[in-house]
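Engineer: Sequence and predicted structure, then a few things I'm wondering about:
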Amino acid sequence: MRLRPPIGSSFPGPHLCHHAARPAGGIENGGWTLAYTNEVPALLKAREGQRKYTDMNYSLGISLGSDGAISDVIPGFTGGFGGLGPP
(Lines give C-alpha, C1' and ligand atoms only; values in the text may rest on other atoms or scores of the structure.)
Protein backbone atom coordinates (compact mmCIF):
# COMPACT_ATOMS: atom_id res chain seq x y z
CA MET A 1 0.00 0.00 0.00
CA ARG A 2 1.37 3.40 -0.96
CA LEU A 3 0.06 6.94 -0.81
CA ARG A 4 0.95 9.02 -3.80
CA PRO A 5 0.95 12.84 -3.71
CA PRO A 6 -1.33 14.68 -6.13
CA ILE A 7 0.23 15.52 -9.48
CA GLY A 8 1.75 18.99 -9.40
CA SER A 9 1.75 19.22 -5.61
CA SER A 10 4.57 20.71 -3.60
CA PHE A 11 5.42 17.81 -1.35
CA PRO A 12 5.95 18.16 1.53
CA GLY A 13 3.87 21.24 1.79
CA PRO A 14 2.07 23.22 4.42
CA HIS A 15 -0.42 20.37 4.89
CA LEU A 16 2.31 18.46 6.75
CA CYS A 17 3.67 21.42 8.68
CA HIS A 18 0.40 22.67 10.17
CA HIS A 19 -2.52 20.99 11.86
CA ALA A 20 -5.21 21.39 9.24
CA ALA A 21 -8.63 19.80 9.16
CA ARG A 22 -8.66 16.64 7.12
CA PRO A 23 -10.41 16.95 3.79
CA ALA A 24 -14.05 15.95 3.61
CA GLY A 25 -14.35 12.72 1.65
CA GLY A 26 -11.03 11.24 2.74
CA ILE A 27 -7.71 11.11 0.96
CA GLU A 28 -9.18 10.82 -2.55
CA ASN A 29 -10.91 14.20 -2.32
CA GLY A 30 -7.65 15.63 -1.02
CA GLY A 31 -5.99 14.69 -4.32
CA TRP A 32 -4.21 11.52 -3.13
CA THR A 33 -4.65 8.01 -4.49
CA LEU A 34 -4.25 4.73 -2.67
CA ALA A 35 -2.49 1.97 -4.61
CA TYR A 36 -2.00 -1.64 -3.52
CA THR A 37 0.78 -3.85 -4.82
CA ASN A 38 1.97 -7.36 -4.07
CA GLU A 39 5.61 -6.46 -4.73
CA VAL A 40 8.08 -6.00 -1.90
CA PRO A 41 9.64 -2.50 -2.08
CA ALA A 42 13.31 -2.53 -3.16
CA LEU A 43 14.51 -0.87 0.06
CA LEU A 44 12.79 -3.46 2.26
CA LYS A 45 14.07 -6.33 0.10
CA ALA A 46 17.66 -5.01 0.36
CA ARG A 47 17.40 -4.48 4.12
CA GLU A 48 16.01 -7.97 4.68
CA GLY A 49 18.85 -9.45 2.57
CA GLN A 50 21.58 -7.59 4.45
CA ARG A 51 20.25 -8.22 7.94
CA LYS A 52 19.01 -11.76 7.21
CA TYR A 53 15.47 -11.39 8.56
CA THR A 54 11.90 -11.28 7.29
CA ASP A 55 9.87 -8.15 8.07
CA MET A 56 6.15 -8.84 8.53
CA ASN A 57 5.55 -5.78 10.69
CA TYR A 58 2.89 -4.28 8.43
CA SER A 59 0.84 -7.47 8.10
CA LEU A 60 1.26 -9.75 11.12
CA GLY A 61 3.25 -7.39 13.32
CA ILE A 62 6.24 -9.71 13.64
CA SER A 63 9.85 -9.97 12.46
CA LEU A 64 11.52 -13.32 11.85
CA GLY A 65 15.24 -14.09 12.04
CA SER A 66 17.07 -16.16 9.43
CA ASP A 67 16.40 -19.30 11.50
CA GLY A 68 12.63 -18.60 11.55
CA ALA A 69 12.58 -17.56 15.20
CA ILE A 70 10.46 -14.53 16.12
CA SER A 71 12.73 -11.59 16.85
CA ASP A 72 10.10 -8.87 17.44
CA VAL A 73 6.33 -8.50 17.90
CA ILE A 74 4.28 -5.31 17.68
CA PRO A 75 1.54 -5.23 20.35
CA GLY A 76 -1.91 -4.65 18.88
CA PHE A 77 -1.18 -6.51 15.63
CA THR A 78 -2.19 -10.08 14.77
CA GLY A 79 1.00 -11.62 16.16
CA GLY A 80 0.57 -9.85 19.47
CA PHE A 81 -3.10 -10.79 19.76
CA GLY A 82 -2.14 -14.41 18.99
CA GLY A 83 0.27 -14.51 21.92
CA LEU A 84 3.44 -14.67 19.80
CA GLY A 85 6.65 -13.30 21.21
CA PRO A 86 10.43 -13.52 20.99
CA PRO A 87 12.11 -16.35 22.91
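Structural biologist: Nice, thanks for sending it over. Fair warning: this is a prediction, and the values are worked out from it, not measured in the lab.

Engineer: Domain map for the protein?
Structural biologist: By the assignment in automatic domain parsing, the chain contains the domains 1-38, 40-87.

Engineer: hey, least reliable of those domains by pLDDT?
Structural biologist: Among the domains of the chain, domain 1-38 carries the lowest mean pLDDT, a mean of 66.

Engineer: residue ranges for the helices of the chain, please.
Structural biologist: Secondary structure of the chain (DSSP state H): helices at 14-17, 26-29, 42-51, 78-81.

Engineer: So what touches the last one?
Structural biologist: Translated: helix 78-81. Around helix 78-81, the neighbours that count as contacts under Cβ atoms under 8 Å, 6 or more residues apart in numbering are Met56, Ser59, Leu60, Gly61, Ile62, Ile70, Val73, Ile74. C-beta: built from backbone N, CA, C; applies to glycine.

Engineer: for these, which one is nearest Gly31?
Structural biologist: Ser59 (27.7 Å; Cβ to Cβ).

Engineer: Quick check: the closest one vs Phe77, distance?
Structural biologist: Remark: distance between Ser59 and Phe77 (Cβ to Cβ, to the nearest Å) = 8 Å.

Engineer: tell me, what residue is most central in this protein?
Structural biologist: Nearest to the mean C-alpha position of the chain, by Cα atoms, centre = their mean, lies Tyr58 at 5.2 Å.

Engineer: Show me which of the contacts of helix 78-81 are buried.
Structural biologist: Met56, Leu60, Gly61, Ile62, Ile70, Val73 (16 or more other Cβ atoms under 10 Å).

Engineer: Most tightly packed of the domains of the chain?
Structural biologist: domain 40-87 (a mean of 13; mean count of other Cβ atoms under 10 Å).

Engineer: and that one, how far apart are its ends?
Structural biologist: For domain 40-87, the first-to-last residue distance is 27 Å (Cα to Cα, to the nearest Å).

Engineer: How far off centre is it?
Structural biologist: The chain centre lies 12 Å from the centre of domain 40-87; the measure is Cα atoms, centre = their mean, to the nearest Å.
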